[in-house]
Every structure is written in C-alpha cells, then in structure tokens.
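# no sequence on this one, just coordinates:
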C-alpha cells in the first residue's frame, strides 16, 4: 500500500510548489528585493510565501545549486554577495565565453533563430523600464538576449557553463547594477549591432562587439557596486 505522504500525486505537487517558490525567490534575489548578504531562514520564508517546509527546502537547495544563496557556518543561509574581486573574475569569464558564443552564433545560428532573437529585442523595446531609461530588465531563458546568443552557438559545453552553471549569478549582477544613466539604452543599441553582425555571418565582428558590450557592462557594474559600498553606514564602534 502506498503511503499518502509519498504518493506520486503528492510528490508531483511538492515539486510544483518548489518550482513556484524557487521562481519567486529567484526573482526577488535578482531584483534586489532580498538584498545581497541578507540572512534568510526557513520559518521566515515559510511565513512570507505561505508554503510548507518540504517544498521550501527543495527550492532553497536549487537556489544554492545556482549560487544565489550560500550556507555560512554559524550564520545559516544568506543571499550571495560577491566581493569586488569575485565580481571582476565573474565578468572576466563572462567576457571571454560570451564573445566566443557570439562568434560561434554568427557561424551556426539559423535564419529562424536569428528571427527569434529579433523578436526578443522587439519585446524588450516595448518595456516601460527601458523606454524611461531606468533599467533594462530581461526575463530569464528564451526572453534573455544573452541566453539566446549562447544557445545559438550550438556549443553544448558553452551552453552548460553560461546557461546553467553561471547563468543565475551573472543575471543577478547584470540586473541589479546595469541600470545607470544612459547604459540601459546603450546596451539595447549594442544588442542590435551584435545581431546585425551575427545575421551577416561576420564572426569576427560579432565576437568583437560582444566583448566590448560585456566590457562596458563590467565597468558600469563595478562603478555601481563601489558606489553601493560607499553608501553603506559605518559599523558602530
């Protein structure tokens, strides 16, 4: 006899709830609603999201696997917060790998895939945050310009590293620190130029444009990150 608590139906329900909570928490972390370095607890999240511990623990395991939360001895779980050195290292890796992905995309993307990339940019252009020049928020996966470029490389190794292993961490810092001055609008224009190069099959230009794009993003992110540190209150004596 199958125990009701472990039946396939119940297991499926737990997975569905865990997926929903994972998406909610991931979005809250990426948008900064759960601040970098902030402590999170199962009782607190359980109350906030109205969910039992089982699905919540599964969601937190996924967040930890995607490097969005970390376990700290004697502290517990907290939202990840990279040091400036770690942030620079992340963008160094991103610049190298994403420029390679753009070069490969120019060589391998189909006309249908390129048309899909144009459609993604058309969706972005209609966003109110971009129109106001306040931010350039991209939803994850197929609505993320960079994700689609990596997929278009048709290189499984790159896809594993950039669309799985590092994806959520990169997206976090790209989202939280990329909105500054004219950067959102400039980034959108740069995206169009990259697609133009890919569509023309100009692998060398696509690689160069992506490298410059990520480099500009890194400079902006580092500047914003440093400014956020300066705004933090001095520790009490």
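Structure received. Not measured: the values here are computed from a predicted model.

# please make it C-alpha for all contacts and neighbour counts, starting now.
OK.

# and the next element down the chain from the lowest-mean-pLDDT helix or strand in the chain?
Among the helices and strands of the chain, helix 128-131 carries the lowest confidence by mean pLDDT, DSSP states H and E, at a mean of 66. The element immediately downstream of helix 128-131 (helix or strand, assigned by DSSP states H and E) is helix 145-152.

# just checking, what packs against that next one?
Applying 3 or more C-alpha pairs under 8 Å, 6 or more residues apart in numbering; DSSP states H and E, one finds that helix 145-152 contacts helix 84-108, helix 111-125, helix 156-160.

# deepest-packed of those, please.
Stretch with highest mean neighbour count among those: helix 84-108 (a mean of 20; mean count of other C-alpha atoms under 10 Å).

# could you give the angle of it to helix 111-125?
Per axes from the mean of the first three to the mean of the last three C-alpha atoms, to 10 degrees, the angle that helix 84-108 makes with helix 111-125 is 140 degrees.

# so how far is residue 146 from the residue nearest the centre of the chain?
The structure's the chain has its C-alpha centroid closest to residue 171; by C-alpha atoms, centre = their mean the separation is 1.8 Å. Residue 171 is 10 Å from residue 146, where distance means C-alpha to C-alpha, to the nearest Å.

# so what's the residue nearest to the centre of the chain closest to, chain neighbours aside?
residue 30 (7.1 Å; C-alpha to C-alpha, 6 or more residues apart in numbering).

# ok, the one you found - contacts?
When contacts are counted by C-alpha atoms under 8 Å, 6 or more residues apart in numbering, residue 30 touches 171, 172, 173, 175, 176.

# quick one: residue 160 and residue 26, what's the gap?
19 Å.

# in the longest helix anywhere in the chain, what counts as buried?
Longest helix in the chain, counting residues (DSSP state H): helix 203-230. Across helix 203-230, burial judged by 16 or more other C-alpha atoms under 10 Å covers 203-211, 213-215, 217-218, 220-222, 224-225.

# and stretch 50-59, by the same measure?
51, 52, 55, 56, 57, 58, 59.

# how about stretch 16-31?
17, 18, 19, 21, 22, 25, 26, 27, 29, 30, 31.

# of the residues you listed, closest to residue 87?
Proximity of these to residue 87, judged by C-alpha to C-alpha, is greatest for residue 30, which lies at 15.1 Å.

# for residue 185, give me the pLDDT.
pLDDT, residue 185: 82.

# confirm that it sits in a strand.
No: read with DSSP: H, G, I helix; E, B strand; the rest coil, residue 185 is helix and lies in no strand.

# that one: neighbour count?
20 (other C-alpha atoms under 10 Å).

# on that earlier part again, secondary structure and distance to residue 88 for the contacts of residue 30 - can I get that in TSV?
Converted to TSV, these look like this (DSSP: H, G, I helix; E, B strand; the rest coil; distance: C-alpha to C-alpha, whole Å):
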residue	secondary structure	distance to residue 88
171	helix	14
172	helix	14
173	helix	11
175	helix	16
176	helix	15
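
# of those, which is the nearest to residue 80?
residue 172 (9.8 Å).

# how about the closest one: what's its closest non-neighbour residue?
residue 30 (4.5 Å).

# kindly list the main-chain dihedrals of that neighbour?
The phi/psi pair for residue 30 (degrees, to the nearest 10) reads phi -60, psi -40.

# for it, give its distance to residue 23.
Applying C-alpha to C-alpha to residue 30 and residue 23 gives a distance of 10 Å.
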